[in-house]
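In: next come a sequence and a model predicted from it.
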Amino acid sequence: MSIEFIYPEFEVIRNENKCISCRICEQQCANEAHSYDEKHKIMMCDDSKCVNCQRCVSFCPKRALKIVKSDCTLRENANWSNETIKEIYKQANSGGVLLSSMGNPKPFPVYWDKILINASQVTNPSIDPLREPMETRVYLGKKPSKVQRTKDGALDCKLPPQLELSMPVMFSAMSYGSISYNAHKSLALAATELGILYNTGEGGLHEDFYCYGENTVVQVASGRFGVHADYLKAGAAIEIKIGQGAKPGIGGHLPGAKIVGDISRTRMIPEGSDAISPAPHHDIYSIEDLRQLVFSLKEATEYKKPVIVKVAAVHNIAAIASGIARSGADIIAIDGFRGGTGAAPTRIRDHVGIPIELALAAVDQRLRNEGIRNHVSLVVGGSIRSAADVVKAIALGADACYVATAALLALGCHLCRTCQSGKCNWGIATQRPELVKRLNPAMGSERLINLMTAWKHEIKEFMGGMGINSIEALRGNRLMLRGIGLTEKELEILHISHAGE
Amino acid sequence: MKIEGQVRIPSGCAISAVISKDGNKMSGETITNSMKPMHDRSNGLGGGFAGYGIYPEYKDFYAFHMFFDSRDTRKKCEAFLKERFEIVQSEIIPTRKIPAITDEPIIWRYFVAPLNSVLVSLQSEEKEFVAKTIIKINAEMSGAYVFSSGKNMGAFKAVGFPEDVGIFYKLEDYEGYTWTAHGRYPTNTPGWWGGAHPFTLLDYSVVHNGEISSYDANRRFIEMFGYKCTLQTDTEVITYIMDYLLRVQGLTLNESASVIAAPFWSTIAAKTDLDDQKKHTYLRTIFPSLLITGPFSIIFAFDGGLMALNDRLKLRSMVVGEKNDKVYIASEEAAIRTMEPNAENIWSPAGGEPVIVKVKEGAF
Amino acid sequence: MQTIDVADLDYKAINETLREAGSDFIIEGCCGQKFIAAGMSDKNVTINGIPGNALGAYLNNANITVNANAQDAVGDTMNEGKILIHGNIGDAAGYAMRGGKIYVQGNAGYRAGIHMKAYEEKIPVMIIGGCAGSFLGEYQAGGVIIVLGLHKDNKRIVGNFPCTGMHGGKIFLRGNCENIHFPKQVTARCASEGELDEIREYLSEYCSDFCYSVDELLSEPFTVITPDSKNPYKQMYVAN
């Protein structure tokens, strides 16, 4: 080997006693880690190609395979970790910016795990959600600040456009291109069945999916791919993507190699051409410009669609959200620094942004201080991992949550974090037809529906335990939360008491 | 809730200005109207104006425009001023009650001159003394705020849309040779009148559109020289930087523009005029911490002139037009057309290219 | 033909009127109202006065003529149609436009044609009669931008940093452009006869719109700028 050699991160362990050389592992691995030695009639393996996606493990009929972390390490050093050293080797070899996928994996505090939820005992009754009515429906959108009456004194029931969700969860933006046709179809089918919404991301809306428009959020990002009047009118809402938690302040870049066939048609750009999303919207360099984009979209859709403005959680998020609330947006979506992505510069992903829990707490409080919380709905994501996270987010003040990584896991993702390679063995983050077809949309949507149905039951269990039978009564109800092991400052920002208080 | 100064509040904006090179006077009505077509660039949380040449009868006195939260504060502040200044006139600034402007503080103005005895005993230069006194009042006297302090000029500002603020202050009753205007779009504000713009320091006033990204690098540098950024706004730090470059360092307006909106190194390298190249290299090298990045368009007005400047990437819009002796500058051409439908030579200065307009010597 | 006096109307009211019956409109007394004709199809709108920002955003197939200057973000994300400006335009004209035409008699501000795209039969065309500001054709991914440099009074035909991040489409600048610095990933060369034939149709249309002579325009050489690669950033990353 040479100076460029880096020992593989994973080793494929094959139990030769169990292996029957059926070659299923070889067929399943798009990374070509497995091969068959015709001469010696045995299975071979190139560990350096393994990304630990667990596809072969899952499909081995004899359970003969496992993937383990390699124990070949450099000399231990608390300052220079193995990971850091290998990253330096990679950059010295290539001169490239390190590129990773999915959310920030670093051991920063997860505040969801340091917040506990309340339950009723004696002084008021808990409710049995299986037998008693329990409401999880929410409406997202601007609420008028004053009740209006018609000339005859009746209530004027006209409302700004609202999104109805059967439960306070939506699938967040993942573009067609970064994920596959079948993944998009699974999300669209599931959202329709569940009475929630999915989000096109910035890659346009495939013509086959216009029929799911009522359950679709169409996104307008800085690249404006596939954005035209019909697209804007196709969805239930329009989302302006300013930023994303995994890479705040950074644009996107779908390599030309992935701009093929339907992707090219849906994005309305030529095949093979890089799809570059600039870091900013070049018509938004200031807060009053955001107002301009919000209202240009409203004008183009005749004020029938709520406009969501999605931003990454960054230091000044409370002031930013306040500005957005005053810009005509109906809904603000905030994406925390653990949000997933198909590809982001490693350094940005791991070092830029702030946790969604703190951002949410600060924004909700600021909007209340200014008396404008009702002007907008708040949606948070990055990362919401379970029904418990949803309940905590709602109690901190969110109207709804965005989930994406959890949805991908439901579709088969094993979080190997190599989406950028385009060789997703689970048929999700790939455009190769033979891989895409591994994800059956009927089955995928069923798994998504299962997941969300289970979460909904769990949310109801939590609510019942607190004696709350409608999700509205949980929203912003921070008394239902207590911190555990948090500093004074953290409790102050979260605006919750410590357990025992 | 924290007010400006305790927390940094970014904001977007609209700006507008008119100046007569011949020193001809214009009423404040024109500039007020210029803000109407740019209504959507503000959000009703701040508007303001600065007029130059508006107090000819008191032109040798500093005109202090002040907000007070109560009569007691005013009495206390007046006592403080009397120890240091001769107050030749003290009056309420006339306003007009309109539904669009509410919760106004007590708004007062004083025409003052520093007491010679005080200056002598402090061995202080007059302007320096006045500036320091204002900074002291604003920092230490709770409930009192000086929002304008130059000679023969004045700022008028409030929480509201700028076109309403102009009506509120009866600007049609004032005649000035320069007017600047600002409509504010803060990302949050508790509705504090002092937080509206323009920001002023003696006869300097700045209106600004954009949110700069270099703020704290600039602030921490400029505070080495005795400035105190109490409001934490871009406008404030820009004003101090201009004061430092012009007054302390003795740079020209053009040179100052080359510091704060310096050309890219590649642009400097491509210059064919070698002296110019050397000058820019020198200025960038000596004042790296005063380079302002991120979007801004500013109008910096002073006694007898103004300078308009965009950031070097020109991330904000700014248009200039002319008609006879007048020069018009605004975020949008529509504002210029409102002031002068037949404005000529409409153009957009490039990023970092200052537009400097001076009133003819002795004309005001 | 319907004439609307918009002196006292806001943009919402103007667009509501445009959306209602009729297809041919003259707008009088315009002063800064934004979003005029946003997302509209099958309309012919003539504007007297200064239209506000985002004129003809998402324009779908309408014709707009402005008898004055226009402000920022003209034809933002435009899909089809034609915008004719008898004056100058502000910054970010034709941002992300995918189809249609923007013909400008005067100068353009910064970032004209930024992120312009093309797709199949949709080839957007922007012609600027005077000069263009800095960052002309930044991120350009398709379409044609032509700058004629008429009445430029010794000014450079474009500002700094033209074609930054360009990865598709073509830019034609009238003149030899020896004094202009282009980024590494594009090639600037003298336009061939064949290349000029590609744009002759657009120039003819432009000349008939603004009463110029095509032959006179074409009597000077043109510089054409094309990107070297559709994938300019391919080498920048290493998988981690």
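Out: Sure, I can see it.
In: ranges for the helices of chain C?
Out: Taking DSSP state H, the helices of chain C run over residues C:11-19, C:193-210, C:214-218.
In: sketch out the low-pLDDT regions of chain C for me.
Out: For chain C, the stretches flagged by pLDDT under 70 are C:234-235.
In: in it, which strand has the most residues?
Out: strand C:41-50 (DSSP state E).
In: quick one: contacts of that strand?
Out: With contacts defined as CB atoms under 8 Å, 6 or more residues apart in numbering or on different chains, strand C:41-50 is touched by A:229, B:332-334, B:337, C:6, C:18, C:23-32, C:36-37, C:55, C:60-71, C:80-81. The way it works is simple: take the backbone N, C-alpha and C, and place the C-beta from them, glycine included.
In: can you tell me the element B:Val327 falls in?
Out: Following DSSP states H and E, one finds B:Val327 within strand B:326-330.
In: returning to that earlier point: run the chain-centre distance for the longest strand of chain C.
Out: 16 Å (CA atoms, centre = their mean, to the nearest Å).
In: each with direction, which strands does it pair with?
Out: strand C:24-31 (parallel), strand C:61-66 (parallel) (DSSP bridges).
In: wait, B:Ala14 touches B:Thr180, no?
Out: No - counting by CB atoms under 8 Å, B:Ala14 does not reach B:Thr180; the two are 11.6 Å apart.
In: got the contact list for the closest residue to A:Gly223 other than its chain neighbours?
Out: Leaving aside its chain neighbours, A:Gly223 sits nearest to A:Ser277 (3.7 Å; criterion: CB to CB, 6 or more residues apart in numbering or on different chains). When the contact criterion is CB under 8 Å, 6+ apart, the partners of A:Ser277 are A:Glu202, A:Ala221, A:Ser222, A:Gly223, A:Phe225, A:Gly251, A:Gly252, A:His253.
In: check B:Ile298 too.
Out: B:Ile15, B:Val206, B:Val207, B:His208, B:Asn209, B:Thr235, B:Ile238, B:Ala308, B:Leu309.
In: so it sits in a strand?
Out: Yes - the assignment for B:Ile298 is a strand, going by DSSP: H, G, I helix; E, B strand; the rest coil.
In: which residues pair with it across the strands?
Out: When bridges are called by DSSP bridges, B:Ile298 pairs up with B:His208, B:Leu309.
In: and it, how far from A:Trp426?
Out: Using CB to CB, to the nearest Å, we find B:Ile298 at a distance of 54 Å from A:Trp426.
In: likewise B:Asn24?
Out: 75 Å.
In: between those two, point out the one with more neighbours.
Out: More crowded of B:Asn24 and A:Trp426, by other CB atoms under 10 Å in any protein chain shown: A:Trp426, with 25 against 16.
In: ok, that one touching A:Leu415?
Out: No - at 10.5 Å, A:Trp426 does not count as touching A:Leu415 under the criterion of CB under 8 Å.
In: got the contact list for the residue nearest to the spatial centre of chain A?
Out: Nearest to the mean C-alpha position of chain A, by CA atoms, centre = their mean, lies A:Ala404 at 3.1 Å. Applying CB under 8 Å, 6+ apart to A:Ala404 gives the contacts A:Phe171, A:Ser172, A:Ala173, A:Met174, A:Gly339, A:Gly340, A:Gly381.
In: about what we covered before: phi and psi next, for the residue nearest to A:Gly223.
Out: The phi and psi values for A:Ser277, taken as degrees, to the nearest 10, are phi -100, psi 110.
In: for it, list each beta-bridge partner.
Out: Bridge pairing for A:Ser277 - DSSP bridges - gives A:Gly252.
In: I'd like the distance between it and A:Tyr231.
Out: From A:Ser277 across to A:Tyr231, the span is 16 Å (CB to CB).
In: so which residue of the chain lies furthest out from the middle?
Out: Using chain A here. Each residue of chain A has a distance to the centre, and by CA atoms, centre = their mean the biggest one is for A:Asp152: 47.6 Å.
In: please refer instead to chain B.
Out: Most peripheral residue of chain B (CA atoms, centre = their mean): B:Thr272, 35.5 Å.
In: need the contact list for the nearest residue to A:Val314 once chain neighbours are set aside.
Out: Distance criterion CB to CB, 6+ apart; nearest residue to A:Val314, sequence neighbours excluded, is A:Pro248 at 5.3 Å. Taking CB under 8 Å, 6+ apart, we find A:Pro248 in contact with A:Ala312, A:Ala313, A:Val314, A:Phe337, A:Ile348, A:Val352, A:Gly353.
In: swap in A:Arg14?
Out: With the criterion set at CB under 8 Å, 6+ apart, A:Arg14 makes contact with A:Met43, A:Cys45, A:Ala64, A:Leu65.
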